[in-house]
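Asker: here is a sequence with its predicted model. Questions after.
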Amino acid sequence: MEEATNQEASQGAQDVAKEDGAAKQENQQQNQQQQQNQQQQLQALSQEDKKKLKARIDGNVGTAHVKLEFIDYSKVNLLYGVENINNNTQAQPEEETKDGQADDETSEPPSKRSKKKNRGMNKKRPFREKRADTSLRLCHKLVYGEACQYGDKCMFSHDIAKLMKEKAPDLGSVCYNFETYGKCLRGIMCRYGSSHISADFKNVVDEEKWSRCKNDSVTTNILPKDLQHFLRKRKQKYPKSDKYLAGMSKAAKERREKQKKEQESASETATCTESEKKEVTLKDSTNGGVGEKATSEPSKVVETDASVSNEASGVTDSNATSSVKTSNELSCQSSVLSESGNPESQMKTDQSEVARPGETTGGGSNDEPCQQRSGVVTDEDIIRLRKCEKKTVDFEDKLYLAPLTTVGNLPFRRVCKTYGADITCGEMAVCTNLLQGQASEWALLKRHSSEDVFGVQIAGAFPDTMTKCAEVLNDHIDVDFVDINVGCPIDMIYKKGAGCGLMNRVGRFEEIVRGMDTVLDVPLTVKMRTGVHDKHLVAAKLIPRIFDWGASVVALHGRTREQRYTRSANWDYIGQCVQAAHPYPLLGNGDVLSFEDANLFKEKSGVTGLMIARGALVKPWIFTEIKEQRHWDISSQERYDILQKFVNYGMEHWGSDTEGVEKTRRFLLEWLSFLYRYIPVGILERAPQRINERPPHYVGRNDLETLMASANFNDWIKISEMLLGPVPENFQFLPKHKANSYS
């Protein structure tokens with residue numbers, strides 16, 4: 001009975017499989033037939049029809065103008081339809097292709113609905129594969145050819161022969177690290193290990209080359225283990241920050257007490273005035289107007305004396321214009337005046353508030369009394385570096401690669417340095433994560449030896465954490481400047497009060513800038529936007545105050561938070577901010593994609609230097625174009641060599657083992673989501689390309705150029721396989737950003 005049931009079940013499964021196979025075959029036939037029909041329609045297109053179709057494409061605002069012979073009519077036909085060329089109607093493209101990529105997302109103007117859908121980040125990205133269990137991973141000491149100090153108690157595997165059998169096949173026969181430096185730090189786990197792994201599983205080292213080249217490429221700012229331990233256990237000391245925060249809290253307490261006294265004095269004045277009004281009314285009603293003439297002269301004298309007293313004290317009486325003033329009113333006002341303090345004490349209080357918390361002021365507001373000392377004083381706790389004594393960074397006429405989250409990693413910055421970037425900055429790091437000793441966050445601060453002028457950017461919302469973080473960075477890493485992020489628009493940062501949120505909290509913003517400037521020995525810079533809301537621009541009012549608080553340089557992105565990266569940057573407003581910042585340096589940022597853009601914006605606004613962000617992602621050779629004042633019609637092979645260089649730098653930085661290769665692949669794919677937007681100069685009808693102009697579907701001058709122009713992430717994966725070998729089984733990728741840059 002059971003056998004019959006099993007036979008029926010297996011027969012049913014076979015029937016279902018046959019039906020699925022037939023359905024798939026039928027779909028394939030339909031697709032092939034549709035493609036044949038399209039090809040026939042395209043062959044029937046005359047030159048005149050192609051020109052009409054191109055005119056309709058060029059008529060879309062924000063679409064780049066590509067030469068007629070390079071337009072890919074096979075894809076354009078899907079959007080417009082040959083039968084609609086002479087009509088005003090337009091065929092509606094499908095929202096999504098079968099592979100899950102919105103093929104028309106950045107190629108044609110989306111509707112309002114698709115704009116809303118394609119904005120921001122892809123929050124439903126596939127989770128990355130988890131790291132293998134520690135028992136299945138080789139001990140790193142054995143990888144480097146060293147003896148493990150834990151022996152049998154080590155949580156990692158020591159069975160080299162077993163792991164070498166299970167190791168994935170090599171991706172190539174040449175290891176970049178071994179060929180360049182004479183040693184591969186990933187040892188026997190390298191995916192290109194056939195060139196430096198011996199038969200007995202030993203890592204071969206070219207001692208001569210290694211001794212000569214090991215210092216050619218050095219990465220610094222690595223988190224020390226002892227510092228990580230102190231941060232995690234909350235044992236790290238912050239003497240400079242504690243002193244500043246103590247002064248800040250004391251100043252805040254004095255400010256609150258002053259406000260309380262002012263409120264009390266105001267309420268007493270109001271109470272006293274009301275009672276005197278009642279007395280005057282009562283006396284007038286009792287006397288019935290008798291003696292009015294006799295008291296008129298004294299009342300004038302009293303009124304004059306009261307006005308003089310008010311002017312001298314700075315206290316304004318709401319009834320100063322009253323025709324009747326009595327001696328009781330004067331005595332009441334004098335008592336209030338004695339409580340609020342005389343003008344000199346009031347002036348001293350105001351001056352003490354202007355002084356920075358934690359610094360010695362003329363009013364003697366510090367806890368410790370001022371002591372006269374003899375000899376040379378070198379104690380940093382007593383004498384802080386003045387602004388003129390700090391290390392300076394020259395931003396005049398420099399090209400500054402902006403801090404870029406995810407894609408602005410160390411290998412990418414190395415690529416930009418080879419093409420002329422003057423100043424580089426690490427990715428945005430969150431101060432609370434740094435203070436917790438998170439290794440992944442500290443990795444964002446790493447610096448390569450080729451980065452001669454390098455800074456780090458941190459984000460935070462509170463003066464205590466930002467000041468302590470600045471002190472740790474000042475004492476333990478090598479940087480030329482520290483930047484505060486006041487421009488990040490993403491909700492996760494903004495809702496915590498950091499990034500753009502600081503522009504709405506000026507008091508806290510001031511405390512952060514003053515505190516960080518107090519503990520830093522290097523310049524403090526600020527990167528910000530023009531404002532939070534489109535109708536309320538605040539940068540021009542804030543920038544002069546930011547310099548007064550202690551910042552050395554301000555970099556301004558010409559967009560608001562609401563604007564994100566849509567529409568054009570407001571360089572007219574940047575010019576107004578340059579005038580407001582004078583004589584301090586101000587850097588401009590936004591929409592620079594060619595040397596013509598750089599010249600125009602700099603002349604238009606008068607900025608000290610330029611900060612380049614998306615322009616470097618789309619074409620990292622933009623720094624060369626600006627310095628040489630030319631349009632570089634770079635070939636597809638040269639662009640492929642740039643990708644190869646990035647891959648080599650990535651495997652040097654993240655490693656050439658399986659984990660390092662896949663990390664390099666992921667960051668390469670993220671970068672390709674920007675790189676495909678570049679349109680070669682030889683294909684454009686007019687140069688230069690504008691940063692918010694989306695490319696239409698076009699065919700390159702060779703197959704590689706056509707592949708690089710594809711907006712389909714499956715084609716990006718193909719490019720990664722050309723550089724890093726086949727992807728792992730069940731590999732998935734979805735770009736972090738939805739590419740709303742062309743909205």
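Answerer: Received, thanks.
Asker: without its sequence neighbours, what residue ends up closest to Lys214?
Answerer: Leaving aside its chain neighbours, Lys214 sits nearest to Tyr181 (6.1 Å; criterion: CB to CB, 6 or more residues apart in numbering). All C-beta spots, glycine's among them, are computed from the backbone N, C-alpha and C.
Asker: the nearest residue to Phe454 once chain neighbours are set aside: neighbour count?
Answerer: Leaving aside its chain neighbours, Phe454 sits nearest to Arg447 (4.9 Å; criterion: CB to CB, 6+ apart). Burial of Arg447 is recorded as 22 neighbouring residues (other CB atoms under 10 Å).
Asker: so who does Arg447 touch?
Answerer: Arg447 is in contact with 219-221, 410, 426, 454, 477-479, counting by CB atoms under 8 Å, 6 or more residues apart in numbering.
Asker: if we use 7 Å, what do you get?
Answerer: 219-221, 454, 478 (CB atoms under 7 Å, 6 or more residues apart in numbering).
Asker: quick check, Leu586 in contact with Gln579.
Answerer: No. Leu586 is beyond contact range of Gln579, at 9.4 Å (criterion: CB atoms under 7 Å).
Asker: who's more crowded, the two?
Answerer: Set side by side, Leu586 and Gln579 show more neighbours around Leu586, with 25 against 11, by other CB under 10 Å.
Asker: next, the residue nearest to Phe454: phi, psi?
Answerer: phi -130, psi 140 (degrees, to the nearest 10).
Asker: check which helix or strand Ile458 maps to.
Answerer: strand 454-459 (DSSP states H and E).
Asker: in terms of secondary structure, what does that strand contact?
Answerer: Packing partners of strand 454-459 (3 or more CB pairs under 7 Å, 6 or more residues apart in numbering; DSSP states H and E): strand 424-430, helix 431-435, helix 463-476, strand 481-486.
Asker: check what pLDDT the residue nearest to Phe454 gets.
Answerer: You'll see Arg447 listed with a pLDDT of 96.
Asker: tell me what it is bridged to.
Answerer: Taking DSSP bridges as the rule, Arg447 bridges to Thr220.
Asker: gap between it and Thr424?
Answerer: 9 Å (CB to CB, to the nearest Å).
Asker: now for these two: what residues contact both?
Answerer: Common neighbours of Arg447 and Thr424 are listed as Phe454 (criterion: CB under 7 Å, 6+ apart).
Asker: now the strands for this structure?
Answerer: Secondary structure of the chain by DSSP state E: the strands cover 219-220, 399-401, 424-430, 447-448, 454-459, 481-486, 524-531, 553-560, 586-589, 609-612.
Asker: in CSV: the ones you listed, plus distance to Gly145.
Answerer: Output for those, formatted as CSV (distance: least, CB to CB, whole Å):
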stretch, distance to Gly145
strand 219-220, 21
strand 399-401, 37
strand 424-430, 32
strand 447-448, 26
strand 454-459, 33
strand 481-486, 39
strand 524-531, 44
strand 553-560, 46
strand 586-589, 47
strand 609-612, 43
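Asker: just so I know, which of the ones you listed lies nearest Thr566?
Answerer: With CB to CB, the closest approach to Thr566 among the strands of the chain belongs to strand 553-560: 8.0 Å.
Asker: that closest one vs strand 424-430, what angle?
Answerer: Per axes from the mean of the first three to the mean of the last three CA atoms, to 10 degrees, the angle that strand 553-560 makes with strand 424-430 is 70 degrees.
Asker: please name the strands paired to strand 553-560 in the sheet, noting orientation.
Answerer: Strand 553-560 is paired, per DSSP bridges, with strand 524-531 (parallel), strand 586-589 (parallel).
Asker: re the thing from before, in CSV, list the helices and strands packed on strand 454-459 along with mean pLDDT, mean neighbour count and distance to Phe509.
Answerer: Below are the helices and strands packed on strand 454-459 laid out as CSV (pLDDT from 0 to 100; neighbours: other CB atoms under 10 Å; distance: least, CB to CB, whole Å):
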stretch, mean pLDDT, mean neighbour count, distance to Phe509
strand 424-430, 96, 24, 17
helix 431-435, 96, 22, 14
helix 463-476, 96, 22, 9
strand 481-486, 96, 24, 7
